Each structure stands twice: as C-alpha cells, then as structure tokens.
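# Generate coordinates for the sequence data below:
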Amino acid sequence: MRDFETLVRHDFFNPHTLTGAVIYGLVLLTIAWIVARALRLTVREALARADGRMIDRTSVIFVTQLLQIGIYLFALTFYAHLIPQLRTFGAALLTSVGVASVVVGFAAQNTLGNIVAGISLILYRPFEVDDHVQVAAPSGLETGVVESLTLGYTVLRTDDNRRVVVPNSVMATQVMVNLTSRDPRAMLVLPIDIGYGADLDAARRILVDLAKTHTDVTSVVDCPVTHLGASAVRLTLRAWCPNGGAAKRAEFDLYEQAKRQFDEAHIAMPVSSMNVTVTMRDAAPT
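Numbering: from 1, shown residues only. All right, here's what the predicted structure looks like:
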C-alpha cells in the first residue's frame, strides 16, 4: 500500500517525471476543452434566445473564436511553466525567438493575414451575419447570405444552397456589393418592348394598372420610355415591393400578365426584342 502511495506521489503527480508530465498535460487539455466548449455552447444559446437587433452576432461569434484560442494558449502556457523541463527548454529558445518569429511569420503569413483581415471586417463592418452580399469568385459573381465569419474565412450560403468559402483577406480587399439595407424594400424594374405602331399610352396604362393591383407591389413609381430601339420602344415599369423576393415574384407575374393583356389589346411586341436562345445541333450532311 505504501509503495502504491509512493508511486502515485512521486510519478503520477510529479511534474518532474514523464508520467506526471503526461498526466498534467491530459488534465489541462481536458479542462481547456471543457471550458472552450462550455463557452461556445453558452454563446450559441444566448444568440438563439436574444433579439438579433440587440446583439451583434458577427462580433460575438468572431470574439468567441478568439477566446477559445486564448483558452488553449493559456493552458499551453501554464503547462509550459508547470513542467521544469519545458521551462528550461523555453529559456533556451529565447535566444532564437527573433529568427523563429520571422520563420513562423513567413510560413503562416496567409493565415495571419486572414485573421487580421477578419478583425478589420469586424471593426469596419462592411457586412454582418445574415446579410445578403455579392462577391467575385472563380465561378463568377456569387450572391448569398453571410452564414458565418470565422477567424480565417467568410462562409456564404447561396440561393441554391451551396457554400462559398471566401478568405477574409479577399473579403477585406475586393469590391463587394451588400444587398441588405435597413430598408427591406426592393424596386421592381420591368422593361418591356412594344412596336413603334403600338398605342404607347394604352401599353403604359396596362402596365401601371397591372402593377397597382398586384399583391406584391406596394406603390408604382412611373413607367417612362427608356429606350428607342431599331424596331421597338422600351417602356420600363418601376414599382416598390416589400422585399427582394416579392419583387422577383411580381416580375415573373407581370411579364405573363402583360403579355396576355397586350395580346387582347392588339399591342405588338417585336420578336427581335425577346430574349430567345436557340441551340443549333449539327446537321447531317446531305
């Protein structure tokens, strides 16, 4: 029994021994993991319950990630001070800390750049979580909702449920269009071409009346002539809708309703003005 107590005292809980160093490392790592996880779960629950207008979700999520890293760094520092061998090793490395900093800086410049860019995004606030933004990507212009701003990347969720992951350094330097504003209204812009021989006033009256009676339109702005083409006159209906989704629904509905009304009123719509794509297949030689 005494030998077991001596073994526990001198090996398991002695930081000078290899067994003690491993045990202390596992204990500190477990504590750090529990604290970091508790912090993440607490913040997640608080964000779920709180009003989005009262709490800045973007900053809270970003700072939470920084704190989680800080917890592990604190545990590592405490462990290094607790183990005598690591204290001696750390003192020996102080002479080469300048060279080590340069090497680490070059090796992790992209990672560190993304972290610094993430901090600048938090400070200057060009967008927030849940904002609808448009960015340039290798696949072209991508439009999506900001799902999260992490230490290294900004994640967008597109309308077709894809995830576009953009480095923070790219988000901080490229031109980005924030489609979200404090005013959720969206303007419907509906261009329609009619023939030169058509009744211009009748066509305008049809478009305005259709927009006024549409459930997704709150108010009609105007319907001026915006272009004189080679074979058509372009009328552009402009109207306010409650949001972007309503504007898109109204656009589709009004195109169809305008076509039906124009046919009944014998208002010609030139074929050349329609956006028609024709796919030609290879013909067999005759």
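
# switch to C-alpha atoms for all contacts and neighbour counts from now on
Fine.

# Strands of the stretch 101-250 of the chain, residue ranges please.
In the stretch 101-250 of the chain, the strands defined using DSSP state E, counting those that start in this stretch lie at 132-137, 140-149, 153-158, 163-167, 177-178, 186-194, 219-222, 225-228, 233-241.

# Output the ones you listed in a markdown table, with mean pLDDT and distance to Gly70 appended to each entry.
Output for the strands of the stretch 101-250 of the chain, formatted as a markdown table (pLDDT from 0 to 100; distance: least, Cα to Cα, whole Å):
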| stretch | mean pLDDT | distance to Gly70 |
| --- | --- | --- |
| strand 132-137 | 87 | 31 |
| strand 140-149 | 87 | 18 |
| strand 153-158 | 90 | 19 |
| strand 163-167 | 90 | 22 |
| strand 177-178 | 86 | 32 |
| strand 186-194 | 92 | 43 |
| strand 219-222 | 94 | 53 |
| strand 225-228 | 94 | 59 |
| strand 233-241 | 94 | 47 |
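
# So which of these is nearest Thr19?
Distances from Thr19 to each of the strands of the stretch 101-250 of the chain were compared using Cα to Cα; the minimum, 39.4 Å, belongs to strand 153-158.

# Identify whichever of the strands of the stretch 101-250 of the chain lies nearest to Thr17.
Between Thr17 and those, the shortest gap by Cα to Cα is with strand 153-158, which sits at 41.6 Å.

# The closest one pairs with which strands, parallel or anti?
Strands adjacent to strand 153-158 in the sheet, as given by DSSP bridges, are strand 140-149 (antiparallel), strand 163-167 (antiparallel).

# what ranges of the stretch 151-286 of the chain fall below the confidence cut-off?
181-182, 271-286 (pLDDT under 70).

# which helices and strands does the helix ranked longest in the chain pack with?
With DSSP state H setting the assignment, residue counts place helix 18-49 as the longest helix in the chain. In terms of contact count using 3 or more Cα pairs under 8 Å, 6 or more residues apart in numbering; DSSP states H and E, helix 18-49 is assigned the packing partners helix 57-82.

# Can you give me the buried ones in the helix it packs on?
Of the residues in helix 57-82, those scored as buried under the neighbour-count criterion (16 or more other Cα atoms under 10 Å) are 57-59, 61-65, 68, 71-72, 75-76, 79-80, 82.

# Can you give the distance from that helix to the centre of its chain?
Using Cα atoms, centre = their mean, to the nearest Å, we find the averaged C-alpha position of helix 57-82 to lie 24 Å away from the chain's own average C-alpha position.

# Perfect, that will be all.
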